[in-house]
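> sequence plus predicted model, see below.
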Amino acid sequence: PRPLTPTTCSLGVRPAATEAMMRRRQSWLPHPTFLAATAGELKVAATSGAFAAVKRDGSVVTWGDAAAGGDCSYVQRALEDVKEVFSTRKAFAAIRGDGGVVTWGHPEWGGDSSAVYGDLMKDVKRIFLTINSFAALTASGAVVTWGDARGGGDSSAVAERLQSDVVEVFGSQ
């Protein structure tokens with residue numbers, strides 16, 4: 001396989017072709033800002049203006065608009081042993097092998113999880129999303145949310161009921 005560089009995407013398509021693919025997918029996806037796919041040994045997710053690819057070794061490569069998550073340099077050291085990446089319209093969240101979560105991208109769209117950092121350090125099993133917020137389900141069944149409050153990023157009104165025993169979360173887009 002060819003190495004992943006900013007000039008090729010996981011399918012070996014040049015950037016101009018990638019832009020054409022993005023325009024075409026907008027016509028058939030309900031929200032053109034979300035894309036998750038597996039291509040060979042890579043897992044790829046997309047925001048409205050950036051891609052993130054998880055490589056076989058668990059590292060992550062990003063490219064595209066920095067404001068939409070295309071620059072992960074400030075969290076790159078934490079992006080090791082990544083198992084899966086999720087995206088809102090302008091931010092990414094990655095689950096590592098230890099269950100820790102790393103976020104980057106636009107702060108108001110879920111790229112800043114510092115307010116709930118302690119709850120995302122380990123044992124996260126799954127991440128759910130809306131167009132501008134994330135919700136993490138932990139091993140104990142607790143739900144942790146961050147991102148735009150209007151999109152579900154603030155669950156403080158029901159926090160007591162989300163402390164345990166949650167088995168599934170559903171987000172609207």
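Nice, I can see it.
> residue nearest the middle of this protein, spatially speaking?
Centroid-nearest residue in the chain: F86, 2.5 Å away (criterion: CA atoms, centre = their mean).
> buried ones in stretch 54-68?
Buried positions in stretch 54-68, judged by neighbour count with 16 or more other CB atoms under 10 Å: 54, 60-64, 66-68. Just so you know, the C-beta spots here come from the backbone N, C-alpha and C atoms, and that holds for glycine as well.
> distance of A157 from A149?
10 Å (CB to CB, to the nearest Å).
> now the buried residues of stretch 54-68 in CSV, with secondary structure?
Formatted as CSV, these follow (DSSP: H, G, I helix; E, B strand; the rest coil):
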residue, secondary structure
V54, strand
V60, strand
V61, strand
T62, strand
W63, strand
G64, strand
A66, helix
A67, helix
A68, helix
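> and the residues you listed, which two are the farthest apart?
Maximum pairwise distance in the buried residues of stretch 54-68, criterion CB to CB, is 21.4 Å, between V54 and A67.
> please list all residues in contact with F170.
Neighbour list for F170: F128 [criterion: CB atoms under 8 Å, 6 or more residues apart in numbering].
> and the gap between it and A78?
28 Å.
> what residues are bridge-paired with G105?
A91 (DSSP bridges).
> which helix or strand contains the residue lying closest to A78 once chain neighbours are set aside?
With sequence-adjacent residues excluded and distances taken as CB to CB, 6 or more residues apart in numbering, A78 is closest to V102, at 4.6 Å. Following DSSP states H and E, one finds V102 within strand 101-105.
> can you map out the strands along this protein?
Using DSSP state E, the strands found in the chain span residues 35-39, 42-46, 50-54, 60-64, 82-87, 91-96, 101-105, 124-129, 133-138, 143-147.
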